[in-house]
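Undergrad: Return a 3D structure for these sequence lines:
(chains A and B)
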Number of protein chains: 2
Amino acid sequence: VALPDGFAALVGRAGVRTGAGNDVALLWSTTPASSAAMFTRNRFAGPSVSVSRARAASGRARGVVVIAGNANVATGPRGLADAYRLGSLAARVSGLGEEEMLVASTGVIGRPYPMDVLETWFDRSSRQERTSDACELARAMMTTDTVPKVADRQAGAARVVGVAKGVGMIEPDMATMLAFVATDAAIEPAPLERLWRRCVDDTFNCLSVDGDTSTSDTAAVFANGAAGPVAEGALAAAVREVCLDLTLQLARDGEGATKLLTVAVTGARDRSQARRVAKAVLNSPLVKTAVHGGDPNWGRVAMAVGTCADEDIDPDRVTIRFGELETYPDVPDAHRLATLAEVMAADQVEIGIDLGIAGGEATVWGCDLSAEYVRINADYTT
Amino acid sequence: VALPDGFAALVGRAGVRTGAGNDVALLWSTTPASSAAMFTRNRFAGPSVSVSRARAASGRARGVVVIAGNANVATGPRGLADAYRLGSLAARVSGLGEEEMLVASTGVIGRPYPMDVLETWFDRSSRQERTSDACELARAMMTTDTVPKVADRQAGAARVVGVAKGVGMIEPDMATMLAFVATDAAIEPAPLERLWRRCVDDTFNCLSVDGDTSTSDTAAVFANGAAGPVAEGALAAAVREVCLDLTLQLARDGEGATKLLTVAVTGARDRSQARRVAKAVLNSPLVKTAVHGGDPNWGRVAMAVGTCADEDIDPDRVTIRFGELETYPDVPDAHRLATLAEVMAADQVEIGIDLGIAGGEATVWGCDLSAEYVRINADYTT
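TA: From the prediction side, this is the model:
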């Protein structure tokens, strides 16, 4: 997948992380661009997030540098200085102003960057090959991801290309999601910001692998206008589809995941209640292990819905389905149980819940909980 | 452990559940008593909870019947009728008024009681042996618990004896905790209610095996006054110690648990914030798997603290310790890492977090997350 017109990328291996593979990735627009970005709300957010948050506020950032293998989190004043220095190095090599360059980082925490190897790499990098291949870019951001995540759509004459990474745990130390979308559509910062906020809210913010919020989550969009203006609705739809595509790729590649799990809540008081109920079901370890074991255990779904403790959730009005098959209150007979077994054996399972209150709805995405998840996260010593 | 004076128990096997062991347990005071009870807030609470909640309101309930192997949840109008009938049968055999008898139930959901086998058992039960052994009572309440949970303390001339059950999943279908405390101290319902609410809040409500709230949780205390009045402070302390003891037993026997995990938060704005932060750490699958793997992964603890997103949580004022050893911000050297390895190898691990805000504090208890947890909960088909 090629980047949109006017975007460039640079990837390489500086030696930040042990193990093979690239660990530095840059993406930037070669011309001025609009942008919007959203970040983790975790109170232990790292200096990458604080530097980028300040720079993104103008709506005029047009590039990002990503370090894979070191989160630069909880590294004190030195970590902040290193984040600024990394931004300078990246800005110089890409010809951007420092204020135009975002910084993102993922990997182990509490360990400062090896600045010497980064300085060396950037010194040499002007003589290295640029790329316009989004897959190479996505691959250079990977840590314990098993596949690079790329998605692209067309919006009128413009293209929308996104890359993302994150599997729940990184290196394995932090649940970290990074997502970047580049488009050559022309759009001003203010409408881009609105569009992006809504899009992230409907896609990445509806994703949960393990219920833990990373200290480094960053999602940014850059629009450089190389393809001229396009209808805002078409652009919003294309950006949303790219982000949804990446969200599903992230869910499928969740640590230890064997199944994509979708939870769709309808009939809620409002969207906020719908999402809260959906997340309660998605994050319940009892539901996740049941899905892993191929068990249409609607009792656990009911329990998870009930934990929301909202006065207006009435068990007598709730219906629960797995795929298209209702399991509560209309408990399935033997014939339908056999069909349910097939539904549960698939590599994607959708649980539907109607609360019977009003018209609020939300859909969220995640994965099952496997012994492999425990292995990945337990068999590791700091 | 003998029950306090004036309390009787009856246990036996009616055949409610498959597999061996008793499945019916009754505990009651042979004389009038004060009582207090607290129940799950889950919206899918079963008829046992609704019947018991209404009866407990008087403060004069003096007995409880427990069915192990069937939760009688989501069983519709029939389930409610069955709960009342079970209460009648239990009241008759123990000589209590119906309004004095609480009903509790734990096990699979969505399946009605086999009322025929229960009727038969109660018909015969008047000719069966009563017991005054609290261990027998605790054992008859077990489902997938691996050990019976009993604790007792002295409060002046009075005794306080408690029994509990629950391992996170039952049968395995529901996280269900039942706890009953009997004392021969004399105390009126109103002060007993206050004492019990505070006690449950500090003990059972600070326990979490998997973050899921059961549809059947019930905790009740009965005081029949056979030992006369005792100092309320001494009684409160003894009841609290019994409940804390049971809480730790429940945590240790959590599904798949290999370690007791204690999270103590100090320096919080208030107790509510302290408990919220402590629960976020206790329930984080990343923290739980790290503890399982013996990894003092303070980065994951920081991440979990940060998810609380309170404005007044400042990473620069937070300190994190494992056992007595600080790990953040004062990152351990190699020597202390070796000591930490010993701390983590123990069968109980305490994580301490000071938020540096004010004097609020809370301690919560749970367990690690093991592949065995996944196995128990995934290898099951409805």
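
Undergrad: Point to the helix or strand of chain A where mean pLDDT is at its lowest.
TA: Of all the helices and strands that make up chain A, strand A:207-208 has the lowest average by mean pLDDT, DSSP states H and E, namely a mean of 80.

Undergrad: burial of whichever residue of the stretch 101-250 of chain A sits closest to chain B, as a residue count?
TA: Of all residues in the stretch 101-250 of chain A, residue A:109 sits closest to chain B, at 4.1 Å by CB to the nearest CB. The C-beta positions use only the backbone N, C-alpha and C, and glycine is treated the same way. Counted by other CB atoms under 10 Å in any protein chain shown, the residues lying close to residue A:109 total 30.

Undergrad: Am I right that it is in contact with residue A:79?
TA: No: contact between residue A:109 and residue A:79 fails when scored by CB atoms under 8 Å: they sit 9.7 Å apart.

Undergrad: count of neighbours near residue A:30?
TA: Other residues near residue A:30 number 16, with proximity taken as other CB under 10 Å.

Undergrad: Ignore what I typed, I meant residue A:229.
TA: So residue A:229, with other CB under 10 Å, has 14 neighbours.

Undergrad: And for residue A:263?
TA: Residues contacting residue A:263 under the criterion other CB under 10 Å number 28.

Undergrad: residues touching it, list them.
TA: If you count contacts by CB atoms under 8 Å, 6 or more residues apart in numbering or on different chains, residue A:263 has them with A:278, A:279, A:281, A:282, A:350, A:351, A:352, A:353, A:363, A:364, A:365, A:366.

Undergrad: would it count as being in a strand?
TA: Yes: membership of residue A:263 in a strand is supported by DSSP: H, G, I helix; E, B strand; the rest coil.

Undergrad: for the residue lying closest to residue A:284 once chain neighbours are set aside, helix, strand, or coil?
TA: Excluding the flanking residues, the one nearest residue A:284 by CB to CB, 6 or more residues apart in numbering or on different chains is residue A:304, at 4.0 Å. The three-state assignment at residue A:304 reads helix, by three-state DSSP.

Undergrad: where does the stretch 51-200 of chain A dip in pLDDT?
TA: The model of the stretch 51-200 of chain A has pLDDT under 70 over residues A:126-128, A:167-176.

Undergrad: quick one: buried residues of stretch A:36-48?
TA: Of the residues in stretch A:36-48, A:36, A:37, A:38, A:39, A:40, A:42, A:43, A:44, A:45, A:46, A:47, A:48 count as buried by neighbour count, 16 or more other CB atoms under 10 Å in any protein chain shown.

Undergrad: Also stretch A:347-361?
TA: A:349, A:350, A:351, A:352, A:353, A:354, A:355, A:357, A:360, A:361.

Undergrad: do stretch A:191-204 as well
TA: Buried, per 16+ other CB under 10 Å, within stretch A:191-204: A:191, A:192, A:193, A:195, A:196, A:199, A:200, A:202, A:203, A:204.

Undergrad: hmm, back to that, which among the buried residues of stretch A:347-361 gets closest to chain B?
TA: Looking across these and measuring by CB to the nearest CB, the closest to chain B is residue A:355, at 10.1 Å.

Undergrad: Grab the nearest non-local neighbour of the closest one.
TA: Using CB to CB, 6+ apart, the nearest residue to residue A:355 is residue A:267, at 4.5 Å.
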